[in-house]
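Student: sequence? don't have it. structure:
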């Protein structure tokens, strides 16, 4: 039989070879569909079959080639021999998407497409093939749970049969489940070997395993009761259930079967039908009811109550559907896509609530009805030798009309009319679709088309075509989609190079440099790539009888025409030659143009300045737009080549071009600004002369401009500032440096030569200043009247013509120390508002205070003398009456408040040999209050804190003689504001007052009451004049900061 078939096949092949290739290919395509078988899990490069041999095609000449158009994920084909084999990607039948819901091994397959390509792709035929994937035993059967529980009622008769859960195996046929086995019990209740041996005989006589074949071809394990069951004696059994498949080698697994003995439940539930079948529209919303399963149980009570549960159901069934345990209603849990699952087949168990429960099983077949919910998909792939990558197909412009350039596959996942697709090309493009095959067995929802050229392609006209393909299905409403392909037209050499003009005239100056570019000729080619690459060459002009003799050359790539010698217009003024442009296509095409070179006169001479460097001097503060100098320049050329243009170029100073301007006709330089030597002493820039030749020639000269100084800046005092002051101790020696006045002048020379002088504020001639260095020195001896603030008015003069001067203030505070800077700063502040004609030097009320104090001392001495005489008389009388131990006349009471301290009038302040008074202590004029301490002691120190005790204090002068000024009186008389107030704890009116002067806490002074001070409002000239400027301070504030204070009051 095989021999006969081989002979028939050979005869058919010979007959096909006698026919033209397109005809025998069509016959082969119509005769058979390529079908092969392949076992899963095979290695790479497994031979599947020979397409050429199966199609009856003779290979080896190389004219017919093969190309795998689809299925290349797992398959590959030899382009020359047509040998079909596997790739490196492993084929797992159970993981292929198209095999997930297949229960018949013959239905799992891989589809592929092979194109047979004629010589130069003059014709292309497409064949479909199918590789059926054969199952191997690569999956182990498994139970749904490692522990299976079965409830068996007691007193069941021998031979009672119980259905056991079935195992599942992803393999099929003989590799599927072959048998079940019941093994010995895996353990015991307490692990006792003695009990295990005793139970072995009992177990073998109680249960037996039986396997039945179902109508579906499955094996159903059943447990049969072989002996009497007594729950009161034993309520459970644990057995091992093993399942094996029929593969080679066999695979097996086992689970624990736990049998629970319960009370009797006589009747099992019974479904109305053994098979329930229903249709469900895909994409049904969750909660949509599908069907209701009904079962009945003849028992009553708990044994008759039925609950519905899934039996043998896959995970997808449990995920997509919901089964109500009470009512048996089956409804949608999640939306179901028919394109993923087209049928659901599972079992439902009805179980009563008896002990043990009885069950019944029904099969549910749910067919998913298609809805038009998928748009058509368009897949554009390469065909033959025309490359297609990333949506771009490259097609040569010289291809014939009706050449296939791509394979278009249109598919729709829907079924029926919803999957019938119509496909077309939209837009005005030279392409059209033609069916790839006209077979009647082609599915309606999956069609293939060739994209053919419908008109000639021209690269120079249109280089890219955007081909849009639209697919529309036949559903209601219809759905559509589109995909696009960019067809890039490839160039062929069909256009010669072309110049922009037939004759190119060029003007070129004489006296050129050899190798200089004369002109650039450019030719264009409408082609691309190598076909548009142009090479240039020179040839003698047919209209010119003279040869070039190598005078000109041309760059073959850029088209630059170069002159190789120096041209002389006086010898020859015109040259003519021809330029040829050839492309690099096959065959090469060329074009030409004529070049005429006319030699032009050239500017041979450059401008020349009379000097290389021009130097000018100008005074500062010159008015803007004034002339500052003149330059001279000449050019030996004539005509336009001798027309000069002058301009200022930036030099060392970048802004010189904006500061100066030059007159083009005369060469006069003007300044646009007024010069300031203190900002810039000199300017250096360049003057450029450019002639009018082509190309222009130029020359430059350097101009140096020096700015001469004028005395236009006054000196500036940098130290000291007018608001500062210097403390000078009264014990300072002569020639002590008090301060140094520092001043600067931005001018130069004599204009910056400074002289210092004191022009005011030095009435006692205590200070002098060095005219050259500005050092202020003490030249007079300091006396008490000099204590206090001195304001020196210092004038700084330069030596310019006319001279400039600046006045500054130098404040010197004469005192031993500085304990209250606030008072001094207030005096300095007042000094700044005092006219300079008024001197501020020491204590202005020193002499007046001394005169007042002398008068007060005289009056007090007279009063004390009278009181003393009265006391002497009184005490003398008292002593006579008291006797020897009585009151001693003339003895002063230590605590007598009204007794002033006696001063010897004869002990006046001594004068030195020069008739000057002796120096008084620094604190000689401070008047304070001495309060009684609680223990009767007295405050003997000026620095001791005054007590807050309301006890009466005493007034005394500290370290002061008769000549000490009364500071309290001075404050009262000279201050425009109240200077004395009652102490918060002073005694009531009628007693002696205790007054405290309001000053800062670090400089608090106290004064006597009205009975001691002289009621005169006399004040010094300086203090009275100044008091009117500072009368706006609030009442109760500090003493006016600029009233003349005794120097000792500030220490």
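Tutor: Perfect, thanks for sending it. Treat the numbers as computed from the prediction; the structure is a model and nothing was measured. Numbering: from 1, shown residues only.

Student: wait, residue 66 sits on residue 55?
Tutor: No - Residue 66 lies out of contact with residue 55 (C-beta atoms under 8 Å); the separation is 9.5 Å. Just so you know, the C-beta spots here come from the backbone N, C-alpha and C atoms, and that holds for glycine as well.

Student: show me which helix runs longest in the chain.
Tutor: helix 846-882 (DSSP state H).

Student: the stretch 251-400 of the chain: helices as residue ranges?
Tutor: 315-320 (DSSP state H, counting those that start in this stretch).

Student: low pLDDT regions in it?
Tutor: Where the stretch 251-400 of the chain drops to pLDDT under 70, the residues are 263.

Student: what ranges does it have for its strands?
Tutor: For the stretch 251-400 of the chain, the strands defined by DSSP state E, counting those that start in this stretch cover 252-262, 270-271, 275-281, 289-292, 295-296, 306-310, 321-323, 329-332, 343-352, 359-369, 377-381, 388-389, 392-396.

Student: so what's residue 615 up against?
Tutor: By C-beta atoms under 8 Å, 6 or more residues apart in numbering, residue 615 lies in contact with 703-706.

Student: quick check on it: phi, psi?
Tutor: Backbone torsions of residue 615, given as degrees, to the nearest 10, read phi -120, psi 130.

Student: domain-wise, how is this protein divided?
Tutor: What the TED database lists as the domains of the chain is 34-134, 147-186+205-262, 270-369, 377-490, 498-600, 608-708, 716-833.

Student: how far away is residue 723 from residue 225?
Tutor: Plainly put, residue 723 is 122 Å away from residue 225 if you go by C-beta to C-beta, to the nearest Å.

Student: and for stretch 271-278, what are the contacting residues?
Tutor: Contacts of stretch 271-278 (C-beta under 8 Å, 6+ apart): 290-291, 293-296, 348, 350, 360-367.

Student: now the two most distant members of these.
Tutor: By the measure C-beta to C-beta, 296 and 367 form the most distant pair in the contacts of stretch 271-278, at 26.6 Å.

Student: what about the residue lying closest to residue 474 once chain neighbours are set aside, how many neighbours?
Tutor: Spatial nearest neighbour of residue 474, chain neighbours left out: residue 420 (4.1 Å); criterion: C-beta to C-beta, 6 or more residues apart in numbering. By the criterion of other C-beta atoms under 10 Å, residue 420 has 19 neighbours.

Student: over to residue 167?
Tutor: When neighbours are counted by other C-beta under 10 Å, residue 167 registers 24.

Student: hmm, residue 146 and it touching each other?
Tutor: No - the criterion here is C-beta under 8 Å, and residue 167 misses it with residue 146 at 11.7 Å.

Student: quick one on the thing from earlier: including secondary structure, could the contacts of residue 615 go into JSON lines?
Tutor: Output for the contacts of residue 615, formatted as JSON lines (DSSP: H, G, I helix; E, B strand; the rest coil):
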{"residue": "703", "secondary structure": "strand"}
{"residue": "704", "secondary structure": "strand"}
{"residue": "705", "secondary structure": "strand"}
{"residue": "706", "secondary structure": "strand"}
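
Student: relative to residue 43, how far out is the most centrally placed residue in the chain?
Tutor: Nearest residue to the geometric centre of the chain (C-alpha atoms, centre = their mean): residue 390, 34.5 Å. Distance of residue 390 to residue 43, given as C-beta to C-beta: 32 Å.

Student: likewise for residue 636?
Tutor: Residue 636 sits 96 Å away from residue 43, going by C-beta to C-beta.

Student: which of the two has more neighbours?
Tutor: Higher neighbour count among residue 636 and residue 43: residue 636, with 11 against 8, using other C-beta under 10 Å.

Student: in the stretch 801-950 of the chain, what residue spans correspond to helices?
Tutor: 821-831, 846-882.

Student: pick the most deeply packed of those helices.
Tutor: Sort the helices of the stretch 801-950 of the chain by mean neighbour count, taking mean count of other C-beta atoms under 10 Å, and helix 821-831 sits at the top with a mean of 19.

Student: so which elements touch it?
Tutor: Counting contacts by 3 or more C-beta pairs under 8 Å, 6 or more residues apart in numbering; DSSP states H and E, helix 821-831 packs against strand 725-728, strand 788-798, strand 805-814.

Student: give me the angle between it and strand 788-798.
Tutor: Between the axes of helix 821-831 and strand 788-798, defined by axes from the mean of the first three to the mean of the last three C-alpha atoms, to 10 degrees, the angle is 50 degrees.

Student: if we can go back for a sec, OK, contacts around the residue nearest to residue 474?
Tutor: 412, 444-445, 473-474.

Student: those in strands, which ones?
Tutor: Counting by DSSP state E, those place residue 473 in strands.

Student: pick the one among the contacts of residue 420 closest to residue 483.
Tutor: Nearest member of the contacts of residue 420 to residue 483, counting by C-beta to C-beta, is residue 412, at 13.7 Å.

Student: is it true that the closest one touches residue 370?
Tutor: No - under the criterion of C-beta under 8 Å, residue 412 makes no contact with residue 370, lying 10.3 Å away.

Student: neighbour count winner among these two?
Tutor: Neighbour totals were compared for residue 412 and residue 370, and residue 412 leads with 27 against 19 (other C-beta under 10 Å).

Student: so how far is residue 858 from residue 851?
Tutor: From residue 851 to residue 858 the distance is 11 Å (C-beta to C-beta).

Student: identify the bridge partners of residue 213.
Tutor: residue 219 (DSSP bridges).

Student: run a quick neighbour tally on the closest residue to residue 742 other than its chain neighbours.
Tutor: Nearest residue to residue 742, sequence neighbours excluded (C-beta to C-beta, 6+ apart): residue 719, at 4.2 Å. For residue 719, the count of nearby residues is 13 (other C-beta under 10 Å).
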